[in-house]
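Colleague: Predicted model follows, preceded by the sequence.
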Amino acid sequence: MGPCAGALLIFFGTVALSADIDIWNENNTVPTNDIRPDGARLPRVLNFFPVPVEEECNANDGRRNGVCMNTYECRIQGGKSHGFCAMGFGVCCVFTATCGQEIINNITYFVNPDFPDLTTRMTSCMINVKKIDPEIAQIKLDFIHFNIGQPNRTTGVCEEDFFTISSENSTKELKMCGLNSGQHIFYDVESIDVKIRVNLSRKIVARLWEVRVTQIPFTQRAPVGCLQYHQGSTGVIQTMNFADNGRHLADQDYNICIRQEAGACSIAYEPCHENAFRIAPNNQNGSTDGDLEELGSGQEETRSMEICNDKIIMPCDSDDLLAGMFGVMPGYCSLVHCGASLCPSGMDPCRIESSVTPFTIGVHFGPSARQISPDDNLGMCLTYEQLSCDV
């Protein structure tokens, strides 16, 4: 290190600098914890040395995550400092981007132009995501807030408002609309750029979105074929646009995966509430889930495949009723599910258990074959609990 290196450490005498203060002097305020009892300001060091490792950190707003980096680099790259990290040598830098901009960092929040206010008058919003490293294998999108126009209420097709993510070297394009706050997806990337587009109709409808875009290296990727990957011994699973006034989307074909936790050998699913499973068969001849109940166990799986054009696939051990967690509540096991209930009518409580690993649920909603009441197609909301090997 040269003799002048120390000149990079600049003491601002009586000016107290913190991660909440804009070093470019825009509406600066002095935090109370930087003032001595006698009223004098404590000196701080403005460090321009690079932080050894840029890693995820928690912003001091208690809500967002950022990247721990040097204060100067954070400012140059267009981020905003939210608290200190790396033992005070760095700041938690939070990045946001909106229409027409480019994402070039590991963690960035893609927001509507008027966020946190609603956006009403616009027709298209596009953003480009550049891979920060060749080892990046997936892009994870966490939909913290996501509310745009609903699909066609009778067909489930996203016709006016829709969100898409695509890349040049992939024929796979994800399309969604409606209310999806709290959902997440993993998108495999091969090319350098990934394009995210929000197409909006000319209708004066209030829209709001805040999507955390995280770049996932190969060693930390979600399993192959999993659009969603839940972690934890308990949790909630929902199909896209599951809401009181929603309707499940058409043209959806993906797997929801759950990481098998240590010591767990099986998993149990239950509907979130009495109206948490509504998937009309959506076939041409108008058959319903009642037809399935009249069939014998040997015929059910074959016939349900024919009846349920829109269906949920849940791998299970057998078609027999299984003992529940305490040998009291029955656990029902069937491969294909559609209709007005996850379990046969009269089965209360409804509980499905499976020891088939990996833990996955298949969502298969084809293009709408006919117009059906949206009340019959709300979608699915399930709670899951991983069961110990000792149970």
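Modeller: That came through, no problem.
Colleague: Mind listing the residues bridging to the residue nearest the centre of the chain?
Modeller: The centroid of the chain falls nearest to His184 when counting by Cα atoms, centre = their mean (1.3 Å). Listed beta-bridge partners, His184: Asp142 (assigned using DSSP bridges).
Colleague: That one and Lys140 touch, don't they?
Modeller: Yes - with contact defined as Cβ atoms under 8 Å, His184 reaches Lys140; the gap is 6.6 Å. C-beta: built from backbone N, CA, C; applies to glycine.
Colleague: And the strands in the stretch 201-350 of the chain?
Modeller: Secondary structure of the stretch 201-350 of the chain by DSSP state E, counting those that start in this stretch: the strands cover 208-217, 226-230, 234-238, 252-258, 264-271, 277-278, 311-313, 336-337.
Colleague: Out of those, which is closest to Cys381?
Modeller: Minimum separation from Cys381 across the strands of the stretch 201-350 of the chain (Cβ to Cβ) falls at strand 234-238, 4.8 Å.
Colleague: List the contacts of Thr214.
Modeller: Thr214 is in contact with Asn106, Ile107, Ile139, Lys140, Leu141, Asp142, counting by Cβ atoms under 8 Å, 6 or more residues apart in numbering.
Colleague: of all those residues, which comes closest to Pro315?
Modeller: Lys140 (24.7 Å).
Colleague: wait, doesn't the closest one sit right on Phe186?
Modeller: Yes - counting by Cβ under 8 Å, Lys140 does reach Phe186; the two are 5.4 Å apart.
Colleague: Now for those two: what residues contact both?
Modeller: Ile216, Ala222.
Colleague: how many other residues sit next to Met122?
Modeller: Here the number of neighbours of Met122 (other Cβ atoms under 10 Å) works out to 14.
Colleague: Now it. Nearest residue, chain neighbours left out?
Modeller: Closest residue to Met122 apart from its sequence neighbours, by Cβ to Cβ, 6 or more residues apart in numbering: Leu200 at 5.8 Å.
Colleague: mind checking how far that neighbour is from Gly246?
Modeller: 18 Å (Cβ to Cβ, to the nearest Å).
Colleague: And Met69, by the same measure?
Modeller: For Met69 relative to Gly246 (Cβ to Cβ), the value is 40 Å.
Colleague: Which one's more surrounded, the two?
Modeller: Neighbours were tallied for Met69 and for Gly246 using other Cβ under 10 Å; the higher tally belongs to Met69 (26 against 21).
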